[in-house]
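Asks: Could you look at this predicted model? Sequence included:
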Protein chains: 2
Amino acid sequence: MEAMNKTPPNAAQDERPYHHGDLQRAVVTAALEILAETQSTEFSLRELARRAGVSHNAPYKHFADKRELLGAVSAEGFELLAMRMSEAARGKTSARARLTAMARSHVRHGVQNPALYRLMFGPFLFGANEERPVVELEAAEKIRTLLEDTIIDGALGAPIPRSARNASKIDGAILNYWAQVHGLTLLLVDRLVGPASRADELADRAIQVLIDGLAVTIPGLPRGAWVGPRVTRRSSQA
Amino acid sequence: MEAMNKTPPNAAQDERPYHHGDLQRAVVTAALEILAETQSTEFSLRELARRAGVSHNAPYKHFADKRELLGAVSAEGFELLAMRMSEAARGKTSARARLTAMARSHVRHGVQNPALYRLMFGPFLFGANEERPVVELEAAEKIRTLLEDTIIDGALGAPIPRSARNASKIDGAILNYWAQVHGLTLLLVDRLVGPASRADELADRAIQVLIDGLAVTIPGLPRGAWVGPRVTRRSSQA
DNA sequence: ACGAAAAAGTTGACATTGGCCACTTTGGCG
DNA sequence: CGCCAAAGTGGCCAATGTCAACTTTTTCGT
């Protein structure tokens, strides 16, 4: 009896079905929202569930715990950064202009959402002696590759062919770039330098100094040191 | 009756007096310990109180809330960093050697206690639109001054007299130093480059590139930008 | 086509936390 | 000596992360 009211698809679309559809994504999206609003990673899982319109335990069907959730959010942040960087570089003709544009958009990305930026690079996701989440390493590797290509392409003044002999020099240059840009971003984000509205100019100067410094001699990295996420290092034996 | 057993001061020294003596300091010290052990700022006030051997509410007589406590810990971290940097510089004859030594000890300070380092520079202490705690700004200013003196002293190749004309150039150089060293430290601390055992070499190269870059032209900071904590800017009108 | 199992969501419970309160103990000062 | 503020205590509260048991869908092998 009353066979009609089982799975009623007729009651408009606000009649939420028992199953959310794609809660996984909804939760990550909501987390990004809350992160942007509160600027803190200490928001509550429950508040998040409330926003997504599900019970406080539903997210646990998709993420083992809060860390795993934040890991997904962080990875999203890395993807977003990579997209912004590569889009900023698109259209620029010189490799140097591309490098500058990438630095700008990196700094902007941080300033625009400090909490997300700190989550991305920070330690919220791996304990004292743990590794970083794989999903995050992969996303970060994408950015490293972007930089590598630009440097090989001549961003430092002249193209540097990708050879075994040059590898450590390129890594060294990437390290210096990362340190400079990441450092500047965090100083801005943490309000130790400013104002944040000057981010572009400051990023430009940072790159200027970096390139001038590297143009003299490209030193190369000490043997055994590594730059960027190590995930690809290991996968080479797969 | 039984007047004898009130306030018994005879029971050796392990018989803790009702008043701790200097709980304020004890709490900060305990917090530094827990921070070093757990590598997280999310330890509980209660655990801390347990360690100090007092009730879970005793710390509230000395700190309004957890933030204020962490602020004191952070300030301690800045003081410690300043001490290490200035001691590392002591004895070095050339200004450049001093700058390198300071960078090394900065990076070491971070690598040795990541959680403390992140607490110092991170956002745990000021909300979305708040200022940094004053105690922290003052400690950070000390470090900025250290750097300024070294740069004025010729760390970049030639002495730069402290003049109104040079002020923005010096600030620019300090910004680049900070970005590079702070950035490198965090990349190490957050395990995006490594290994941490190579910290000294990497710091040396960072300074090398920095100095090479600045030696070409010292650009100067755009008008209106600031470097370092702003606390002294305001106190000049007092 | 059907029934069982897996997936997705729900309610209820528990220990722990930061912070508030009223209370007691102690040291110092007039 | 007496009193009061500072320092420390225990009780309490709402909120949180996470576990466990239950219910509702969806899926999938036969």
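Replies: Cool, the structure landed.

Asks: quick one: contacts for A:Pro195?
Replies: Taking C-beta atoms under 8 Å, 6 or more residues apart in numbering or on different chains, we find A:Pro195 in contact with B:Gly224, B:Ala225, B:Trp226. Every C-beta, even on glycine, is put in place using the N, C-alpha and C of the backbone.

Asks: let's see it at 10 Å
Replies: Neighbouring residues of A:Pro195 by C-beta atoms under 10 Å, 6 or more residues apart in numbering or on different chains: A:Leu188, A:Leu202, B:Gly224, B:Ala225, B:Trp226, B:Arg230.

Asks: And the furthest pair within those?
Replies: Pairwise distances across these peak at 15.6 Å for A:Leu202 and B:Arg230 (criterion: C-beta to C-beta).

Asks: what separates stretch A:33-46 from the chain centre, distance-wise?
Replies: Put simply, stretch A:33-46 sits 17 Å off its chain's centre (C-alpha atoms, centre = their mean, to the nearest Å).

Asks: Would that stretch count as contacting chain B?
Replies: Yes - Stretch A:33-46 lies within reach of chain B by C-beta under 10 Å from any C-beta of the partner chain, at A:Glu37, A:Thr38, A:Gln39, A:Ser40, A:Glu42.

Asks: So which bits of that stretch are buried?
Replies: For stretch A:33-46, a neighbour-count test (16 or more other C-beta atoms under 10 Å in any protein chain shown) marks A:Ile34, A:Leu35, A:Gln39, A:Ser40, A:Thr41, A:Phe43, A:Leu45 as buried.

Asks: likewise stretch A:111-121?
Replies: Buried-residue list, stretch A:111-121, by 16+ other C-beta under 10 Å: A:Val111, A:Asn113, A:Pro114, A:Ala115, A:Leu116, A:Tyr117, A:Arg118, A:Leu119, A:Met120, A:Phe121.

Asks: Can you flag which of those belong to helices?
Replies: Assignment to helices by DSSP state H places the following of the buried residues of stretch A:111-121 there: A:Val111, A:Pro114, A:Ala115, A:Leu116, A:Tyr117, A:Arg118, A:Leu119, A:Met120, A:Phe121.

Asks: These into JSON lines, with extra columns for pLDDT and distance to DNA strand D?
Replies: Output for those, formatted as JSON lines (pLDDT from 0 to 100; distance: C-beta to the nearest atom of the strand, whole Å):
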{"residue": "A:Val111", "pLDDT": "96", "distance to DNA strand D": "26"}
{"residue": "A:Pro114", "pLDDT": "93", "distance to DNA strand D": "20"}
{"residue": "A:Ala115", "pLDDT": "92", "distance to DNA strand D": "15"}
{"residue": "A:Leu116", "pLDDT": "95", "distance to DNA strand D": "17"}
{"residue": "A:Tyr117", "pLDDT": "95", "distance to DNA strand D": "20"}
{"residue": "A:Arg118", "pLDDT": "93", "distance to DNA strand D": "17"}
{"residue": "A:Leu119", "pLDDT": "92", "distance to DNA strand D": "14"}
{"residue": "A:Met120", "pLDDT": "93", "distance to DNA strand D": "19"}
{"residue": "A:Phe121", "pLDDT": "90", "distance to DNA strand D": "21"}
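
Asks: with those in mind, which one is nearest to chain B?
Replies: Using C-beta to the nearest C-beta, A:Phe121 is the member of these that sits closest to chain B, with 5.5 Å.

Asks: give the contact list for the residue sitting nearest the centre point of chain A.
Replies: Of all residues in chain A, the one closest to the mean position by C-alpha atoms, centre = their mean is A:Phe78, 2.1 Å from it. Counting by C-beta under 10 Å, 6+ apart, A:Phe78 touches A:109, A:116, A:120-121, A:135-143, A:229.

Asks: Now render the residues you listed as CSV, adding distance to DNA strand C.
Replies: Shown next, in CSV, are those (distance: C-beta to the nearest atom of the strand, whole Å):
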residue, distance to DNA strand C
A:His109, 30
A:Leu116, 24
A:Met120, 25
A:Phe121, 24
A:Val135, 18
A:Glu136, 22
A:Leu137, 25
A:Glu138, 23
A:Ala139, 23
A:Ala140, 28
A:Glu141, 28
A:Lys142, 27
A:Ile143, 31
A:Pro229, 28
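
Asks: Show the contacting residues for the closest residue to A:Leu156 other than its chain neighbours.
Replies: Among residues not flanking A:Leu156 along the chain, A:Leu214 sits closest, at 5.0 Å (C-beta to C-beta, 6 or more residues apart in numbering or on different chains). If you count contacts by C-beta under 10 Å, 6+ apart, A:Leu214 has them with A:Ile151, A:Ala155, A:Leu156, A:Gly157, A:Lys169, A:Gly172, A:Ala173, A:Asn176, A:Tyr177, B:Val209, B:Asp212, B:Gly213.

Asks: Inside helices: which ones of those?
Replies: Per DSSP H, the contacts of A:Leu214 map to helices at A:Lys169, A:Gly172, A:Ala173, A:Asn176, A:Tyr177, B:Val209, B:Asp212, B:Gly213.

Asks: Distance of the fifth one relative to chain B?
Replies: Between A:Tyr177 and chain B the computed distance is 9 Å (C-beta to the nearest C-beta, to the nearest Å).

Asks: got it, and the second one?
Replies: Applying C-beta to the nearest C-beta, one obtains 7 Å for the distance of A:Gly172 from chain B.

Asks: how many other residues sit next to that residue?
Replies: Neighbourhood size, A:Gly172 [other C-beta atoms under 10 Å in any protein chain shown]: 22.

Asks: Go ahead and confirm A:Arg90 touches A:Thr150.
Replies: No - in this structure A:Arg90 lies outside contact range of A:Thr150 using C-beta atoms under 10 Å: 11.9 Å.

Asks: what sits in contact with each of these two?
Replies: Shared contacts of A:Arg90 and A:Thr150, defined by C-beta under 10 Å, 6+ apart, comprise A:Arg98, A:Ala101.

Asks: Just want to know which of these two has more residues nearby.
Replies: Neighbour tally, A:Arg90 and A:Thr150, criterion other C-beta under 10 Å: the higher count belongs to A:Thr150, 24 against 9.

Asks: Let's see the pLDDT reported for A:Ile152.
Replies: Per-residue confidence (pLDDT) for A:Ile152: 95.

Asks: meant to ask about A:Arg233
Replies: 49.

Asks: Next: A:Thr7.
Replies: Confidence at A:Thr7, expressed as pLDDT, is 38.

Asks: Could you do A:Asp22 as well?
Replies: In this prediction A:Asp22 is given a pLDDT of 83.
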